[in-house]
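Colleague: Dropping the sequence and predicted coords here.
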Amino acid sequence: MHLSSPTPFPAQRPRRLRRDAFTRNLVREHALSPHDFIYPVFVHEGEKRRVPVASMPGIERLSVDLLLPVAEECVQLGIPYLALFPSIDAALKDPQGKESLNPDGLIPRTIRALKKEFPELGVMTDVALDPYTSHGQDGLIDETGYIVNDETVELLVGQALAHAEAGVDMVAPSDMMDGRIGAIRDALEAHGHIHTRIMAYSAKYASAFYGPFRDAVGSAANLGASRKDVYQMDPANTDEALREVALDLAEGADMVMVKPGMPYLDVLRRVKDEFKVPTFAYQVSGEYAMLKAASSNGWLDHDKTMMEALLAFKRAGADGVLTYFALEAARLLQK
Ligand code: PBG
């Protein structure tokens, strides 16, 4: 229909299709399902330990024993995957993040415990150095203060292998170093882990919306005023996202991700249209915190804005969403 054509009203009355619920149900294009969600969780050492994350109401760092009932609820609700993030004891952090290579570290132990109890639940891990480095950066730092690439990639490969040996289903490198997907894929193949999936954080922006997450993993204080924009993407760019996705797919990624979510829906749409591969959005900690803050003040309706925000990802082309709302949204969908 061209703008120059005469108005078709009243032959066309779009409101006919909105008049009643049964017709709205019939013509609806997109729907959310618990199968769309990946639930990010924070783990720490010890037993029976839960510590609320102040800037993320409803989210806690949990010891592994307390994570198990959460995993069980995910299974019951049909949430297909958990994403694990560690909060590492300060004493174990160093400038190289060496604890990330420990085959019996917090994350490998958590993977084993989860896969033993709930083999039917997917476990995904972040591959990155920031929870392990004393400076909170995702990579090694040279004498000039630059985050070096190739040496960092070697450590990431070791970390990914430690997770694969522990039985992880999918690794998700979130560091934005060049060439890390190819290096991890080669190492996984060479060690017989041919089924381990890689979800690449392909278009990860240098975003201020990660603030609450950095509190949760305990990297914020260490990071101080230092920034991540010498490796994470410039929020002003979208062509660059397509280039990053193309590289990660060529290097062996099975799935790709755009992060953050809501401020980058245009990037999500471009990536899905261009590559037509499984594409995920990460509704990050700051997006969660915004909705929680506004709804706790009575300024927004919690459940409605949560579902609308999640649906936006599906509409923009996402096959699924990493979201801290996974449990709440899945419970609502089950009703
Ligand atoms: C770091 C990592 C970050 C997030 C996931 N992995 C933060 C960062 O890059 O500083 C952010 C997730 C969120 O904000 O919810 N490897």
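Modeller: Happy to help now that I have it.

Colleague: how far does stretch 201-208 stretch from start to finish?
Modeller: Terminal residues of stretch 201-208 are spaced 17 Å apart (Cα to Cα, to the nearest Å).

Colleague: Quick check: buried residues in it?
Modeller: By neighbour count on 16 or more other Cβ atoms under 10 Å, the buried set for stretch 201-208 is 201-205, 207. For glycine as for every other residue, the C-beta is placed from the backbone atoms N, C-alpha and C.

Colleague: Show me the contact partners of stretch 298-308.
Modeller: Contact with stretch 298-308 is made by 32, 291-292, 294-296, 325, 328-329, 332, as judged by Cβ atoms under 8 Å, 6 or more residues apart in numbering.

Colleague: Please apply the same query to stretch 311-324.
Modeller: 29-32, 35-40, 56, 58-59, 83, 255, 257-258, 261-262, 265-266, 268-269, 271-273, 278-283, 285, 288, 310, 329.

Colleague: just checking: which of those residues also lie near the ligand?
Modeller: The subset of those within reach of the ligand, by Cβ under 6 Å from any ligand atom, is Ser285.

Colleague: okay, whichever residue of the stretch 1-150 of the chain sits closest to the ligand: pLDDT?
Modeller: For the stretch 1-150 of the chain and the ligand, the shortest gap (Cβ to the nearest ligand atom) falls at Ala128, measuring 3.3 Å. At Ala128, the model reports a pLDDT of 96.

Colleague: Now do the contacts for it.
Modeller: Applying Cβ under 8 Å, 6+ apart, the residues contacting Ala128 are 138, 156, 173-175.

Colleague: at 6 Å what do you get?
Modeller: Applying Cβ atoms under 6 Å, 6 or more residues apart in numbering to Ala128 gives the contacts 138, 174-175.

Colleague: can you redo these as TSV with neighbour count, distance to the ligand and pLDDT?
Modeller: TSV is the format used below for those (neighbours: other Cβ atoms under 10 Å; distance: Cβ to the nearest ligand atom, whole Å; pLDDT from 0 to 100):
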residue	neighbour count	distance to the ligand	pLDDT
Asp138	25	5	94
Ser174	24	4	96
Asp175	25	6	94
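
Colleague: which one of those sits closest to Val70?
Modeller: Closest approach between those and Val70, by Cβ to Cβ: Ser174, at 21.4 Å.

Colleague: State the distance from the closest one to Ser295.
Modeller: Using Cβ to Cβ, to the nearest Å, we find Ser174 at a distance of 28 Å from Ser295.
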